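*Asks:* fold the following and give me the result.
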Amino acid sequence: MDSEGNVYAAEIANHRIQKFDSNGAFIRAWFFAYPRAIAVGPDGSVFVTSSVNSAIHKFTSDGDFITSWGLPDGIPGDSNRLGRAAIDAAGNVYVPDSYHHGVAVFTGNGEILTSWGTYGAAEGQFRFPTCVALGAMGELYVMDYYNNRVQEFGQVVTDVAGNQGVWPLTTLEQPAPNPMREAMQVRFALSRDGRADLSVFDVQGRLVAHILEGHQRAGGREVTWTGRGLDGRPVAAGIYFLRLNAAQSLCRRFVVLR
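*Replies:* Okay, the predicted model is just below:
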């Protein structure tokens, strides 16, 4: 799907991409030999992999061809080699290399940023990865087919200076565990560098604790709060609010048990 809710379908036996609106009404179609998987970028560009070659093909949302490129090892023609890609907010393309048991990351125009992966069942290894997806804080999920598992990775740092990933939103997840007794973990992401304040307030709006404050880098973070207030003592049982002030203000409700 694209940002407007339009649906793109890879129709392998009819050798075409079909586009529908969110109600299922047909919009257009264009020829593509044995399309395997589709991903749509933030600018509406459509990225397609094929079941007959190891290339990524880029089209406009109307089906006009823009460019295509292969994997950095230059090995052509491996059928079903590339799985379903994912596109981040900067337009970078994350592609599972199924037959070579790895993941490659490109710019939206095919410049290689980074790649990794070896065959095996240990953590971080793959056996035929088939598709990838990106979480709200930049985490990468990889379907590791023959290992019967999904692996989660943190933010992927590229080899290009200054290209460290882009977060489209400032986010604050629900703290866990909730209710909490001794400590809780808080995950959040910042859309840009800048000052951020992560604090706890009681139901009367009074400041209870500062978890984090000061200048922070853009990206995802996880911090721990041990349930202690400004005076260093454990806070009383009750209802509290976690507030993140950064590019925007976000709030989450949680409960402390004693």
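
*Asks:* mind listing what residue 190 touches?
*Replies:* By Cβ atoms under 8 Å, 6 or more residues apart in numbering, the residues touching residue 190 are 167, 170, 196, 216, 217, 218, 219, 221, 246, 247. For glycine as for every other residue, the C-beta is placed from the backbone atoms N, C-alpha and C.

*Asks:* bridged to it, which residues?
*Replies:* Here residue 190 sits in beta bridges with residue 219, going by DSSP bridges.

*Asks:* what is the least confident helix or strand in this structure?
*Replies:* strand 171-172 (a mean of 81; mean pLDDT, DSSP states H and E).

*Asks:* can you list the residues that contact that one?
*Replies:* 136, 137, 186, 187, 188, 189, 242, 244, 250, 251, 252.

*Asks:* which residue of the chain lies farthest from its centroid?
*Replies:* residue 231 (38.5 Å; Cα atoms, centre = their mean).

*Asks:* list the buried residues for stretch 34-45?
*Replies:* Buried residues in stretch 34-45, counted by 16 or more other Cβ atoms under 10 Å: 34, 35, 36, 37, 38, 39, 40, 41, 45.

*Asks:* and the helix or strand hosting residue 132, what does it pack against?
*Replies:* Assigning secondary structure by DSSP states H and E places residue 132 in strand 129-134. In this structure, strand 129-134 packs against strand 86-87, strand 93-97, strand 102-106, strand 140-144, with contacts taken as 3 or more Cβ pairs under 8 Å, 6 or more residues apart in numbering; DSSP states H and E.

*Asks:* switch to 7 Å and redo it
*Replies:* strand 86-87, strand 93-97, strand 140-144 (3 or more Cβ pairs under 7 Å, 6 or more residues apart in numbering; DSSP states H and E).

*Asks:* now distance to residue 51 too, for those, in TSV please.
*Replies:* As requested, those are exported to TSV (distance: least, Cβ to Cβ, whole Å):
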stretch	distance to residue 51
strand 86-87	19
strand 93-97	14
strand 140-144	17
